[in-house]
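>>> sharing a sequence plus its predicted fold:
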Amino acid sequence: MSGGVTSFTVPRHALLDHRMAELRDATTPPAAFRRLLAEIGAILTVAATADLPATSRAVTTPLETIQHPVLAVAEPALVAILRAGLGLLEGAQRIMPAAPIGHIGMARNEHTLQPMEYMLRLPPDAAERGVILLDPMLATGGSAAAACTRLKQAGITSIRLLVVVAAPEGVATMAAAHPDVPVWAAALDRGLNAQGFIMPGLGDAGDRCFGTE
Ligand SMILES: O=P(O)(O)OC[C@H]1O[C@H](OP(=O)(O)OP(=O)(O)O)[C@H](O)[C@@H]1O
Ligand SMILES: O=c1cc[nH]c(=O)[nH]1
Ligand SMILES: [Mg+2]
């Protein structure tokens with residue numbers, strides 16, 4: 001990993017591993033793939049928000065009043081990298097239903113592997129809230145790094161990146177380009193093949209999600 005200091009976390013959880021086995025399985029159809037991606041998105045969102053700033057407030061139970069921990073800040077905005085990030089978004093929304101939602105469209109050129117941005121729509125208070133950025137695949141890292149650059153241009157300084165499968169090449173790209181952005185992944189795989197696919201990976205996440213080719 002070159003230069004940077006990106007924090008990279010793979011939460012260990014038996015239910016996460018079990019779902020990853022099903023998600024990677026080439027025979028898993030799109031409907032089950034989307035359900036699994038949402039469930040994994042929920043688990044990763046829980047892991048990535050464990051350290052959100054807390055304060056306390058008085059809560060009166062049926063028996064007595066206590067001081068109870070509560071969030072000290074507004075929940076971060078959720079930003080999905082289209083298309084495949086939509087699968088993770090559904091799960092993240094289950095954990096933070098009130099979080100505002102943004103979308104950034106990124107298509108990776110299959111020959112050059114360079115990302116091309118085709119849309120951007122962010123909640124107006126994303127800079128104050130910070131952002132959880134969602135994309136299942138961190139391959140070369142080009143798409144995630146470009147998305148982070150775009151979010152920073154919009155004034156967003158607090159970004160957490162959630163991915164399902166990371167390649168060492170993508171983690172290195174993030175460390176070099178955005179060392180301030182912590183990354184959570186359900187798995188760290190071996191590396192990229194000649195076509196830029198993560199090995200062993202799960203194939204093309206967008207195509208498997210939406211049944212396209
Ligand atoms: O780390 P990288 O090398 O940039 O590759 C990862 C990107 O590739 C995939 O998207 P894709 O461009 O296939 O778009 P899609 O989600 O619409 O299928 C994936 O969802 C990431 O966004
Ligand atoms: O393995 C990969 C690499 C990039 N994008 C995907 O969807 N899968
Ligand atoms: Mg794709």
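Yep, that arrived. Ligands and ions are numbered 1, 2, ... in the order given.
>>> phi, psi of the residue sitting furthest away from the middle of the chain?
Relative to the centre of the chain, and counting by CA atoms, centre = their mean, the farthest-placed residue is Leu63 at 40.6 Å. Dihedral pair for Leu63: phi -110, psi -30, per degrees, to the nearest 10.
>>> list the contacts for it?
Applying CB atoms under 8 Å, 6 or more residues apart in numbering, we find Leu63 in contact with no residue. Yep, even glycine has a C-beta here, placed from its N, CA and C like the rest.
>>> what does Ala126 give?
With contact taken as CB under 8 Å, 6+ apart, Ala126 is in contact with Ala77, Val79, Pro100, Gly102, Leu151, Ala154, Ile156.
>>> who wins on neighbours among the residues you listed?
Val79 (30 neighbours; other CB atoms under 10 Å).
>>> can you give me the strands for the protein?
8-9, 54-60, 65-71, 77-82, 101-108, 115-121, 131-134, 137-138, 159-166, 183-188, 191-192, 198-199 (DSSP state E).
>>> nearest to Arg94 among those strands would be which one?
strand 77-82 (11.0 Å; CB to CB).
>>> tell me, how many residues neighbour Thr45?
25.
>>> for the longest helix along the chain, give the mean pLDDT please.
If you go by DSSP state H, the chain has its longest helix at helix 30-48. The average pLDDT for helix 30-48 rounds to 98.
>>> which parts of that helix are buried?
Neighbour-count burial for helix 30-48, counted by 16 or more other CB atoms under 10 Å, picks out 33-45, 47-48.
>>> same check on stretch 144-161?
Ala144, Ala145, Ala146, Ala147, Cys148, Arg150, Leu151, Ile156, Ser158, Ile159, Arg160, Leu161.
>>> ok, now which ones touch the last one?
With CB under 8 Å, 6+ apart as the criterion, the residues that contact Leu161 are Leu133, Asp135, Leu138, Ala144, Cys148, Met174, Val181, Pro182, Val183, Trp184.
>>> reformat these as TSV; add distance to ligand 1 and pLDDT.
Listed next are the contacts of Leu161 as TSV, based on distance: CB to the nearest ligand atom, whole Å; pLDDT from 0 to 100:
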residue	distance to ligand 1	pLDDT
Leu133	11	98
Asp135	5	98
Leu138	5	98
Ala144	6	98
Cys148	12	98
Met174	10	98
Val181	14	98
Pro182	17	98
Val183	12	98
Trp184	16	98
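>>> between those, which sits nearest ligand 3?
Nearest to ligand 3 among these: Asp135, at 10.2 Å, using CB to the ion.
>>> and that closest one, its phi and psi?
Dihedral pair for Asp135: phi -160, psi 130, per degrees, to the nearest 10.
>>> can you pull the residues of this structure lying near ligand 2?
Met137, Ala139, Gly196, Phe197, Ile198, Gly201, Asp204, Ala205, Gly206 (CB under 6 Å from any ligand atom).
>>> right, and the last one touches Ala84 too?
So that's Gly206. Yes: counting by CB atoms under 8 Å, Gly206 does reach Ala84; the two are 4.2 Å apart.
>>> if we ignore the residues flanking it in sequence, what's nearest the spatially most central residue of the chain?
For the chain, the residue nearest the mean C-alpha position is Leu162 (2.3 Å; CA atoms, centre = their mean). Closest residue to Leu162 apart from its sequence neighbours, by CB to CB, 6 or more residues apart in numbering: Leu44 at 4.7 Å.
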